[in-house]
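Peer 1: How does the following fold in three dimensions:
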Amino acid sequence: MPNAKVLSEKQAIVAELTEKIQKASAGVLVDYKGITVEEDTALRRECRENGVDYAVVKNTLLRFAFNNTGLNELDDLLNGTTSLALCEEDVVAPARVMSDYAKKLNDKFEIKGGFMDGKPVSLETIQSLASIPALPVLRAQFLGTMLAPITGLAVVLKQIAEKGGELIGINSFTLDGGEKEVAEAKDVLSKAGATYRNVYFASDGEAGRLTTSVYAYPTTYVVDRNGNIVGQPIVGAITSKKQLASLWELINEVIEKDAGM
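Peer 2: Okay, here's the model as predicted:
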């Protein structure tokens, strides 16, 4: 049985991990196996440059921290060697940096899983996040993205309406229902030849924090009439047949449940 000093030290580590996880917008778990000191030094330097908090952690202590933060679903990943990459400001950075090193180091470095906005996410979602450019690049690209044509949106609107559903728009600029911001959002849509109903909610609520955490990068959530998110978010613009098929699968699931089918 550990003495009082050792127990106190472990409790302090768990408390610190719990606080970091609660503050983090995203986190990624990694099995780092046998990387060299040189490789580890380079990785930590890149993490610092990208605002990522990276540390090797003991599975037993991290399990307590996950239990404290409602991330018990990640307990099964706590085997072998484990390191944790966290970031408070940039939801993309941990996935991007860890994925880059997973490619460089092959079997020495493997992503186990992760979380975003306090909820576990799939490896597919982590891979999608990893493909998003660094935040400064993303911000530079954003204006062009907003003004780009919204291809095929009118067709999607019509098809959803025929199934008894409705597409609504929510973005970080119309939170709290500011008249100027709503007008600007409508203007962007009209220039692209498309319209849909824009809704808004409080920026300091759970949904508001979720919206702002992705920095307005295209992210699609399918939500039922009770406000429940269905399935995994689709990160990035819907540009491929696979993404579109995934979107329609989720839409059909919501409509069928709503109709009692």
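Peer 1: just for the stretch 51-200 of the chain, where's the confidence low?
Peer 2: Low-confidence segments of the stretch 51-200 of the chain (pLDDT under 70): 133-161, 163-178, 181-182, 185-186, 188-200.
Peer 1: Show me where it has its strands.
Peer 2: 53-56, 83-87, 110-116, 119-121, 168-169, 197-198 (DSSP state E, counting those that start in this stretch).
Peer 1: These into CSV, with extra columns for mean neighbour count and distance to Val6?
Peer 2: For the C-beta atoms, the positions are set from N, CA and C on the backbone; glycine is no exception. Converted to CSV, the strands of the stretch 51-200 of the chain look like this (neighbours: other C-beta atoms under 10 Å; distance: least, C-beta to C-beta, whole Å):
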stretch, mean neighbour count, distance to Val6
strand 53-56, 16, 19
strand 83-87, 23, 22
strand 110-116, 22, 27
strand 119-121, 16, 31
strand 168-169, 12, 54
strand 197-198, 12, 56
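Peer 1: quick one: which of the ones you listed is nearest Ser25?
Peer 2: strand 83-87 (6.3 Å; C-beta to C-beta).
Peer 1: who does that closest one pair up with?
Peer 2: Paired neighbours of strand 83-87 in the sheet (DSSP bridges): strand 26-31 (antiparallel), strand 53-56 (antiparallel).
Peer 1: Just the mean pLDDT for the longest one, thanks.
Peer 2: Just to be clear, that refers to strand 26-31. Strand 26-31 shows an average pLDDT of 94 in the prediction.
Peer 1: ok, back up a step: and the strands of the stretch 51-200 of the chain as TSV, adding distance to Ala4?
Peer 2: Shown next, in TSV, are the strands of the stretch 51-200 of the chain (distance: least, C-beta to C-beta, whole Å):
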stretch	distance to Ala4
strand 53-56	25
strand 83-87	27
strand 110-116	33
strand 119-121	34
strand 168-169	56
strand 197-198	58
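Peer 1: Identify whichever of these lies nearest to Leu244.
Peer 2: Of all the strands of the stretch 51-200 of the chain, strand 168-169 comes closest under C-beta to C-beta, at 17.9 Å.
Peer 1: Now do the buried residues in stretch 58-71.
Peer 2: Applying a neighbour-count criterion of 16 or more other C-beta atoms under 10 Å, one finds 61-66, 68-69, 71 buried in stretch 58-71.
Peer 1: I should have written stretch 25-36 there, sorry.
Peer 2: If you call a residue buried by 16+ other C-beta under 10 Å, then stretch 25-36 has these buried ones: 25-32, 35.
Peer 1: Out of those, which is nearest to Thr41?
Peer 2: Thr41 has its nearest neighbour among these in Ile35, at 9.8 Å by C-beta to C-beta.
Peer 1: and the closest one, backbone torsions?
Peer 2: When read as degrees, to the nearest 10, the backbone of Ile35 gives phi -70, psi 150.
Peer 1: Same check on the one 5 residues further on?
Peer 2: Note on Asp40: its backbone torsions stand at phi -70, psi -40 [degrees, to the nearest 10].
Peer 1: Sounds good, over and out.
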